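Student: pasting the sequence and the predicted coordinates here, then a few questions.
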Amino acid sequence: MANIQPNKEIIQDINSSQNIENIEERLKRLGNEERQNLLALWEEDGKNGKKPSMIGTNRCAYILMEEISFVLFDEEENTKLAMYQENRGIYTQKASMIKRVISYLEPKFNSNKAYDVIYHIKNRAIIKDKTNSPNLIPVNNGIYNKKTKQLEPFTPEYVFTAKIDTNYIDSPTKPVFENWDVDNWFDELACNDKQVSHLLWQVINDSLNGNYTRKQAIFMVGDGNNGKGTFQELLTYLIGKNNIAKLKVNEFDQRFKLGTLEGKTAVIGDDVPVGVYIDDGSNFKSVVTGDYVSVELKNQQPYTAQFRCSVIQSSNGMPRFKDKTDAIFKRIVIVPFDADFKGSNENRKIKDEYIKNKQVLEYILYHAINMDFEKFDVPDVSKQRLDVYKQETNPVYEFKINIFDNWNLRKIPKYIVYGMYKEFCKENGYNFLSKIKFHKEFKDYLSEDWKTDAVDRFNWEDLIDEIGDLDNYKSEIKFPDSHKPYRAYENRSLKAI
């Protein structure tokens, strides 16, 4: 028989996350006692039947549930069992770790027997939602309560699956190295735009809590040597490498990829190719907003999960989504990195020393974790970049901004708007939407001042100054019949003349 060695990574993971001396010794002792009791009962019964050598799987499940907290996060089909880890203060759904803990109680079980134990535990485990609060943040040395400003001890009552690697220290002194400090550095990254530097702090705050989502993804955009990569490394040191999943925006819908998000605080996509095309962004949108997604692992049953980790993407330019509606755009916050640290402006010590420093990380954690906001404060420059991005990727929005908004009209027939949109697309080499799809999307970009179901009669003379003479267009747009009513868009904020 082959000598099967246990996976070193699994052992290391368990050793660092479970009180081995406590759990292992306790379960081994209970296992020995249980087998001795079984043997004694067998002897009292006159040694009838087979001599017992293993604890039954159902009995194992009962003993384990007396010693360890097990829960299910939901009632979805094939949902995974979660086990509380005493030393880490968080739950894990890793079957390899749960099976190893089972082996402490009954070492003779093979994999199938261990899964039988998990089956029995799942049938008895309570349903307990993950803790979803912006005010409770698991850090390395406890749970920080933002309301009370106190560090609380870990407890199975709080259902967390991840925590960051940095300790919370109350009111730490700001470290300064050779006239460098993190506050001034953030201002340099932001080109002294206080709105952008404030957003950088908010990005850090958002990345600390893998159990709560603000329903927007961060896109850090800028050419090389602008500090973007160093800021990303800072996040990695602060959160912890093992708490970060590596997943680019174009990989969210690839098979087997979503499983990497399990138990992570943040997901970072590094060096996303400029202009990469995303045909199906449904999983990306669902993860960003914390909705359920189907997760498939190799050689395992798919299961449904809910991830609330912070989603951060880094690139020299934005990707291209097939979905060009606000369903994508409202989920995106662009953080511009426009600084230039080439040549004499480059300080290698920032990346090599400062952002790794324990005191720097504790200072950053203290100030970031105590920020109080529900939504990102989006800088003016970020709004402008997003608006340009929408125009570059969405012909409907580009037409609305560059053509429709320049018409100073109180009313206009819908058929003319659609006809002019088609002309705009032809001139720019765009494919145009059907009439129904166009109007459905177009009305989403109109302000509340616009009535989208108006009906009225029109004289061409009232429109020609803004639209232009249709005779000058090589189009199929017909002049409106002044005796016929037309469906129209009406701006109620403009008074009739």
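Tutor: On my side now, so go ahead. Residues are numbered from 1 along each chain as shown.

Student: from Leu235, how far out is Val196?
Tutor: Distance from Val196 to Leu235, counting by CB to CB, to the nearest Å: 16 Å. Yep, even glycine has a C-beta here, placed from its N, CA and C like the rest.

Student: same check, this time on Tyr415
Tutor: 51 Å.

Student: name the residue in those two with the higher neighbour count.
Tutor: Neighbour totals were compared for Tyr415 and Leu235, and Leu235 leads with 23 against 15 (other CB atoms under 10 Å).

Student: distance check, the more buried one against Asn225.
Tutor: On the measure of CB to CB, Leu235 and Asn225 end up 19 Å apart.

Student: with Leu238 instead?
Tutor: 22 Å.

Student: these two - which one has more neighbours?
Tutor: Neighbours per residue (other CB under 10 Å) separate Leu238 from Asn225, with Leu238 holding more: 23 against 16.

Student: ok, that one touching Thr166?
Tutor: Yes - Leu238 is within contact range of Thr166, at 5.5 Å (criterion: CB atoms under 8 Å).

Student: where do the contact lists of those two overlap?
Tutor: Common neighbours of Leu238 and Thr166, counting by CB atoms under 8 Å, 6 or more residues apart in numbering, are Leu361, Leu365.

Student: domain parsing of this protein, as residue ranges.
Tutor: Using automatic domain parsing, the domain parsing of the chain gives 8-127, 162-377, 394-491.

Student: restricting to C-alpha, output the helix or strand where Lys440 lies in PDB.
Tutor: Assigned by DSSP states H and E, Lys440 belongs to helix 435-442. Extracted in PDB, the C-alpha atoms of helix 435-442 (Å, rounded to 0.1, in the frame of the first residue of the first chain):
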ATOM      1  CA  LYS A 435     -36.600  50.500 -31.300                       C
ATOM      2  CA  ILE A 436     -38.000  48.800 -28.200                       C
ATOM      3  CA  LYS A 437     -34.600  48.100 -26.700                       C
ATOM      4  CA  PHE A 438     -33.400  51.700 -27.500                       C
ATOM      5  CA  HIS A 439     -36.400  53.400 -25.700                       C
ATOM      6  CA  LYS A 440     -36.200  51.000 -22.800                       C
ATOM      7  CA  GLU A 441     -32.500  51.900 -22.200                       C
ATOM      8  CA  PHE A 442     -32.700  55.500 -23.200                       C
END
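
Student: which residues touch the helix or strand following it?
Tutor: Where DSSP H and E defines the elements, the next helix or strand beyond helix 435-442 is strand 450-456. The contact list for strand 450-456, computed with CB under 8 Å, 6+ apart, reads Lys411, His439, Lys443, Leu446, Pro485, Tyr486, Arg487, Ala488, Tyr489, Glu490, Asn491, Arg492.

Student: closest one of those residues to Ile218?
Tutor: The closest of these to Ile218 turns out to be Leu446 (CB to CB; 28.1 Å).

Student: the closest one: neighbour count?
Tutor: Using other CB under 10 Å, Leu446 has 15 neighbouring residues.

Student: number of nearby residues for the residue nearest to it when sequence neighbours are not counted?
Tutor: Excluding its sequence neighbours, the residue lying closest to Leu446 (CB to CB, 6 or more residues apart in numbering) is Thr452, at 6.7 Å. Residues lying near Thr452 (other CB under 10 Å) number 15.

Student: again, but for the one 3 residues further on
Tutor: Neighbour count of Val455, defined by other CB under 10 Å: 12.

Student: and it, bridged to which residues?
Tutor: With DSSP bridges as the criterion, Val455 is bridged to Arg487.

Student: so Ser294 touches Thr304, yeah?
Tutor: Yes - using CB under 8 Å, Ser294 is in contact with Thr304, at 5.8 Å.

Student: who has more neighbours out of these two?
Tutor: Neighbours were counted for Ser294 and for Thr304 using other CB under 10 Å; Thr304 has more, 16 against 13.

Student: could you look up the SS state of the more buried one?
Tutor: With DSSP: H, G, I helix; E, B strand; the rest coil as the basis, Thr304 sits in strand.

Student: so who does the closest residue to it other than its chain neighbours touch?
Tutor: Sequence neighbours aside, Glu76 is the residue nearest to Thr304 in space, at 4.0 Å (criterion: CB to CB, 6+ apart). With contact taken as CB under 8 Å, 6+ apart, Glu76 is in contact with Tyr292, Tyr303, Thr304.

Student: burial measure for the second one, as a count.
Tutor: This points to Tyr303. Neighbourhood size, Tyr303 [other CB under 10 Å]: 18.

Student: so where's the longest helix in this protein?
Tutor: The longest helix of the chain (DSSP state H) is helix 20-44.

Student: from the chain's centre, how far out does that one sit?
Tutor: In terms of CA atoms, centre = their mean, to the nearest Å, the centre of helix 20-44 is found 44 Å from the chain centre.

Student: what number of residues lie near Asn402?
Tutor: Quick note: Asn402 (other CB under 10 Å) scores 11 neighbours.

Student: report the separation between the closest residue to it other than its chain neighbours and Lys324.
Tutor: Among residues not flanking Asn402 along the chain, Gln391 sits closest, at 7.3 Å (CB to CB, 6+ apart). Distance, Gln391 to Lys324, using CB to CB: 11 Å.

Student: joint contacts of these two?
Tutor: What both Gln391 and Lys324 touch, as defined by CB under 8 Å, 6+ apart, is the set Tyr397.

Student: what about Thr92, neighbour count?
Tutor: Counted with other CB under 10 Å, residues neighbouring Thr92 total 24.

Student: confidence score at it?
Tutor: Per-residue confidence at Thr92 stands at 96 (pLDDT).

Student: again, but for Asp170
Tutor: pLDDT, Asp170: 96.

Student: now Glu233
Tutor: Reading off the model, Glu233 has pLDDT 98.

Student: and for Ala496?
Tutor: pLDDT at Ala496 comes out at 58.

Student: all strands of the stretch 151-300 of the chain, in order?
Tutor: Remark: strands assigned in the stretch 151-300 of the chain by DSSP state E, counting those that start in this stretch are 217-221, 244-246, 266-272, 277-278, 292-295.

Student: tell me which of these is the most buried.
Tutor: strand 217-221 (a mean of 25; mean count of other CB atoms under 10 Å).

Student: pairing partners for it, with directions?
Tutor: For strand 217-221, the paired strands and their directions (DSSP bridges) are strand 310-315 (parallel), strand 332-336 (parallel).

Student: what angle separates the first one from strand 266-272?
Tutor: The one in question is strand 310-315. 10 degrees (axes from the mean of the first three to the mean of the last three CA atoms, to 10 degrees).

Student: and the last one, by the same measure?
Tutor: Orientation of strand 332-336 against strand 266-272 (the same axes, to 10 degrees) gives an angle of 60 degrees.

Student: and strand 332-336, C-alpha only, in PDB?
Tutor: Output of strand 332-336 as PDB, limited to C-alpha atoms (Å, rounded to 0.1, in the frame of the first residue of the first chain):
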ATOM      1  CA  ILE A 332     -18.200  50.800 -10.700                       C
ATOM      2  CA  VAL A 333     -16.200  53.400  -8.800                       C
ATOM      3  CA  ILE A 334     -13.100  54.600 -10.800                       C
ATOM      4  CA  VAL A 335     -10.100  55.600  -8.700                       C
ATOM      5  CA  PRO A 336      -7.700  57.600 -10.900                       C
END
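
Student: what's the helix or strand following that strand packed up against?
Tutor: Using DSSP H and E, the helix or strand that follows strand 332-336 in sequence is helix 348-352. Judged by 3 or more CB pairs under 8 Å, 6 or more residues apart in numbering; DSSP states H and E, helix 348-352 is in contact with helix 228-239.
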